[in-house]
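Chemist: I need the structure of the sequence given here:
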Amino acid sequence: WSQGIVPHFITCNAFIGRSYAKTLVGFLQDSMRGGPTKVDPEEPLYVIELGTGAGKFGFFMLNALKHFEATCPYPLKKIVYVMTDFTEENFKFWLTHPALKDYVAEGRLDFAIFDAVKDTEIKLNQSGVVLSPGSVKNPICIVANYLFDTLYHDVFQVDKELKEGLISVGSKRKEEADPLDPEIIKRLDCKYQYNPIGDDYYKDEDDDGVHFERILAWYRDQF
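Modeler: Here you go, the predicted structure:
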């Protein structure tokens, strides 16, 4: 946190933490006043942070939420902030961090290991609660700072017809003595190849496939 080695300040500072807290409280105010999304003040409301990392942003948001205790119609003690990541190292770091222990003791903070690419449920470390489709009554709020650029993506091109983009990544050098050398990232080279695809590209994506294919068809017809 103190050395600032990773360039994450834009998404992990007190200002951003307060801004997200205000957004959450505004959503809860609208919901409690008869907005389109209903919340039950008797039930917990989970705020899931995906790709938490060191936990700095979550700490700032939790701190900021305390200042809305008097103005938020939803009981903030029913909000459970959940830090998630897919690495054991980060998970163990949160468990032992002194700045987080009070929030854990109050039941306002929980932790989970979660892979946003493949996992379909989140098991909370402290409470043992398992979050899965249909398991909670209140909507789940998601925080996804600095996350989507680290996930798998599909690439497409519209050139009279719809094409998929295939990417090959390698070093500009003919050989690398140590394939795990971090310096290789400075020598990476990407090559793209585009191949025509049919309307059934996402046929193996279960229920989501029809939605993905509808979006792809819109892009093809639009461009």
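
Chemist: contacts and neighbour counts: CA atoms only from here.
Modeler: OK.

Chemist: pLDDT wise, what is Val6 at?
Modeler: For Val6, the pLDDT comes out at 59.

Chemist: and what of Gly34?
Modeler: On the pLDDT scale, Gly34 gets 87.

Chemist: Excluding chain neighbours, what is closest to Glu42?
Modeler: The shortest distance from Glu42 to any non-neighbouring residue, by Cα to Cα, 6 or more residues apart in numbering, is to Lys78 (7.8 Å).

Chemist: And what about the most far-flung residue of the chain relative to its centre, helix, strand or coil?
Modeler: Here the centre of the chain is the reference, and by Cα atoms, centre = their mean the most remote residue is Lys174, at 36.9 Å. For Lys174, the assignment made with DSSP: H, G, I helix; E, B strand; the rest coil gives coil.

Chemist: other SSEs contacting the longest strand along the chain?
Modeler: Assignment by DSSP state E gives strand 161-171 as the longest strand of the chain. Counting contacts by 3 or more Cα pairs under 8 Å, 6 or more residues apart in numbering; DSSP states H and E, strand 161-171 packs against strand 155-159, strand 188-196.

Chemist: Return the most buried member of those.
Modeler: strand 155-159 (a mean of 15; mean count of other Cα atoms under 10 Å).

Chemist: Which secondary structure elements does that one sit against?
Modeler: Packed next to strand 155-159, using 3+ Cα pairs under 8 Å, 6+ apart, are strand 161-171.

Chemist: And the strand it packs on, what's buried?
Modeler: 162-164 (16 or more other Cα atoms under 10 Å).

Chemist: Return the distance of the longest strand of the chain from the chain's centre.
Modeler: 25 Å (Cα atoms, centre = their mean, to the nearest Å).

Chemist: Which stretches in this structure count as strands?
Modeler: Under DSSP E, the chain gives strands at 45-49, 79-85, 109-113, 122-123, 130-131, 141-143, 155-159, 161-171, 188-196.

Chemist: so for the longest one, what's the average pLDDT?
Modeler: Read that as strand 161-171. Strand 161-171 comes out at a mean pLDDT of 93.

Chemist: Could you do stretch 203-215 as well?
Modeler: 90.

Chemist: on that earlier part again, quick one: the longest strand of the chain to strand 155-159, angle?
Modeler: 130 degrees (axes from the mean of the first three to the mean of the last three Cα atoms, to 10 degrees).

Chemist: Could you please name the strands strand 161-171 pairs with and the direction of each pair?
Modeler: Sheet pairing here is set by DSSP bridges, and for strand 161-171 it gives strand 155-159 (antiparallel), strand 188-196 (antiparallel).

Chemist: what's near enough to touch Tyr192?
Modeler: For Tyr192, the contact set (Cα atoms under 8 Å, 6 or more residues apart in numbering) comprises 165-168.

Chemist: typo on my end, Glu43
Modeler: 78, 137-138.

Chemist: just the buried members of the residues you listed?
Modeler: Judged by 16+ other Cα under 10 Å, buried ones among the contacts of Glu43: 78, 138.

Chemist: What about the closest residue in space to Arg173 that isn't next to it in sequence, how many residues nearby?
Modeler: Excluding its sequence neighbours, the residue lying closest to Arg173 (Cα to Cα, 6+ apart) is Arg187, at 7.5 Å. Per other Cα atoms under 10 Å, the neighbour tally for Arg187 reads 10.

Chemist: one step back: kindly reformat the strands paired with strand 161-171 as JSON lines containing distance to Ala54.
Modeler: Below are these laid out as JSON lines (distance: least, Cα to Cα, whole Å):
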{"stretch": "strand 155-159", "distance to Ala54": "30"}
{"stretch": "strand 188-196", "distance to Ala54": "27"}
